[in-house]
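J.: coordinates only, sequence not included:
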């Protein structure tokens, strides 16, 4: 994959994380599966200011329920 395509993907990721950064609200992203092409998906949880402890409990419960954090993409095909 061309370097320019990777740069575009990194910039597009800001579409999802940037608003939380600018608003100053906590957020956490977790693995949530893979596309048919083997690319990783993620899910983002966000909360009110100073709700980091709650987000950590939510993230822990999600990981325990799904197990996606134990699976890894095949990096040879990416």
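T.: Thanks, I have it. In this text, all values refer to a predicted model and were calculated from it rather than measured experimentally.

J.: Within the helices and strands, which one has residue 22?
T.: Taking DSSP states H and E as the criterion, the element that holds residue 22 is helix 3-23.

J.: helices and strands around that helix, which ones?
T.: strand 27-34, strand 40-46 (3 or more Cβ pairs under 8 Å, 6 or more residues apart in numbering; DSSP states H and E). Every residue, glycine included, has its C-beta placed from N, CA and C.

J.: buried ones in it?
T.: Of all the residues in helix 3-23, those buried under the rule 16 or more other Cβ atoms under 10 Å are residue 20.

J.: Could you number the chain from 269 rather than 1 from now on?
T.: Got it, the first residue is 269 from now on, which makes the last one we talked about helix 271-291.

J.: So for that helix, mean pLDDT?
T.: For helix 271-291, the mean per-residue pLDDT is 77.

J.: how much does it deviate in direction from strand 295-302?
T.: Regarding helix 271-291 and strand 295-302, their directions subtend 140 degrees when assessed with axes from the mean of the first three to the mean of the last three Cα atoms, to 10 degrees.

J.: Off-centre distance for helix 271-291?
T.: Going by Cα atoms, centre = their mean, to the nearest Å, the spacing between the C-alpha centre of helix 271-291 and its chain's C-alpha centre is 12 Å.

J.: For that helix, give me every contacting residue.
T.: Outside of helix 271-291, the residues that reach it under the criterion Cβ atoms under 8 Å, 6 or more residues apart in numbering are 294-295, 297, 312, 314.

J.: Check what contacts stretch 330-338 and list those residues.
T.: Residues outside stretch 330-338 that contact it (Cβ under 8 Å, 6+ apart) are 298-301, 311, 313.
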